[in-house]
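*Asks:* Quick one: sequence plus predicted model below, questions after.
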Amino acid sequence: MIGGVFIYNHKGEVLISRVYRDDIGRNAVDAFRVNVIHARQQSRFPVVNIARTSFFYTKRSNIWLCAVAKQNINAAMVFEFLNKMIEIMQSYFGKISEENVKNNFVLIYELLDEILDFGYPQNSDTGVLKSFITQQGVRPVTREEQTNVTAAVTGQIGWRREGIKYRRNELFLDVIESVNLLMSQQGQVLSTHVAGRVVMKSYLSGMPECKFGINDKITVDNRTKNSTDSTNPNNNTTNGSTNPTTTKTAIAIDDCQFHQCVKLSKFESEHSISFIPPDGEFELMRYRTTKDISLPFRVIPLVREIGRTKMEVKVVVKSNFKPTLIGQKIEIRIPIPPNTCDVQLLCMKGKAKHKASDNAIVWKMKRMGGMKESQLSAEIELTPNDKKKWNRPPISMNFEVPFAPSGFKVRYLKVFEHKLNYSDSETIKWVRYIGKSGLYETRS
């Protein structure tokens, strides 16, 4: 049977202390703090025996939960009880944190008296407990709830002040994507994903409400089902560059995060992004996708070792986007052995140089058109080296292209302002797509 249950914070301060049997004294509380929480080396074992007393413990975020026993009891039963206790507390007041434990200490003592009797676990079913312990736990107020309360009580929006006026109402939207790739020497894609951001600059008068639509799969599926609506979303033209990946009707977004101004209830029900924007620049959303990514460039390496003192390297770069588009800020970094003594370079386009401090050849091109290719050749002389064989690091690439490699597309961007009564057509909107390299590597 369990002699006592203690809950500590990360400093070792006791938040909850409930002793069920006389063989557990106050010194047990201090023993666990000194030997486990404040120990120089954290124990890897969930059970610690100190002065013939067994301590069974688990940790959730910054909270330690510990059950103490003098007798030889079933360890699996004790851990089942601790996990059940965590589950019960979460059902009453949510996340297990120091603040929540302090705010609900009366409720926790009530629960401990019900689920343990003289150290023996009793009924720990959450549904049964809630039938006779009807006290509601004190839950922390979330940011969205605070915003809703503020808006309901004061009519104010925390991220935007009233009375903003501009001569010309403009809205700038940037879709910025980072492509991450690891490709084998044979051209096989080993891993790839896109991390995207939607950044807005808002110069709108009053308290406008914006609606923003994207071509994710759920939205497109819903539009297909509701085919009675014959309006064309592309009628909302925007100034600026457009996304060239028009062959993709929809993209599969794996996960996304929104700015606090977005009304999540509307996104979950209607799958439209509705919000009152902050004034100036802000990040509207972040997203991540791993499927059907259009890789802007492909790097084809060919490395040939000639004996122990010479090496030939040939690297071909191919662009895989439309000929009407241009990639910029292109840099290919080709690793070479540390025992390199001389490098002869020849490139069709751009400039290449040997950086001895980085053990690499850096090849730069200001720009490169779509469906083009360029080549670099290098003859490398090496000093004899008896050390272990050089493991070739991957070739890395940096670039910037004017489209979203994931196929992300803005279907519409609408602005409504009821008080000042300016229409969506009077608002100037700009949309720009930027694709950048993240960790873009090809094994050599």
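*Replies:* Alright, I've got the coordinates.
*Asks:* show me the contacts for His418.
*Replies:* For His418, the contact set (C-beta atoms under 8 Å, 6 or more residues apart in numbering) is empty. C-beta coordinates here come from the backbone N, C-alpha and C atoms, glycine included.
*Asks:* From Arg52, how far out is it?
*Replies:* As judged by C-beta to C-beta, to the nearest Å, His418 and Arg52 stand 74 Å apart.
*Asks:* Same check on Lys364?
*Replies:* Lys364 is 71 Å from Arg52, by C-beta to C-beta.
*Asks:* Can you name the next helix or strand after the helix or strand bottoming out on mean pLDDT in the chain?
*Replies:* When the helices and strands of the chain are scored by mean pLDDT, DSSP states H and E, helix 217-225 comes last with a mean of 49. Note on helix 217-225: by DSSP states H and E, the next helix or strand toward the C-terminus is strand 255-258.
*Asks:* how about that following strand: buried residues?
*Replies:* 256, 258 (16 or more other C-beta atoms under 10 Å).
*Asks:* do the same with stretch 100-116
*Replies:* For stretch 100-116, the neighbour count (16+ other C-beta under 10 Å) marks 100-101, 103-104, 107-108, 111-112, 114-116 as buried.
*Asks:* and what of stretch 68-87?
*Replies:* 68-70, 73, 78-79, 81-82, 85.
*Asks:* What count of nearby residues applies to Ala51?
*Replies:* 9 (other C-beta atoms under 10 Å).
*Asks:* Surely it is in contact with Val34?
*Replies:* No - if you go by C-beta atoms under 8 Å, Ala51 and Val34 don't touch, sitting 11.3 Å apart.
*Asks:* SS state for Glu281?
*Replies:* Using DSSP: H, G, I helix; E, B strand; the rest coil as the criterion, the local structure at Glu281 reads strand.
*Asks:* who touches the residue nearest to it when sequence neighbours are not counted in this structure?
*Replies:* Spatial nearest neighbour of Glu281, excluding adjacent residues (C-beta to C-beta, 6 or more residues apart in numbering): Lys201 at 4.8 Å. Applying C-beta under 8 Å, 6+ apart to Lys201 gives the contacts 170-172, 280-281.
*Asks:* longest single helix anywhere in this protein?
*Replies:* With secondary structure taken from DSSP state H, the chain has its longest helix at helix 75-93.
*Asks:* Quick check: next helix or strand after that helix?
*Replies:* helix 98-103.
*Asks:* before we move on, the earlier item: can you tell me which of the contacts of Lys201 are classed as buried?
*Replies:* The neighbour-count criterion (16+ other C-beta under 10 Å) marks 171-172 among the contacts of Lys201 as buried.
*Asks:* circling back: and the longest helix of the chain, average pLDDT?
*Replies:* For helix 75-93, the mean pLDDT works out to 88.
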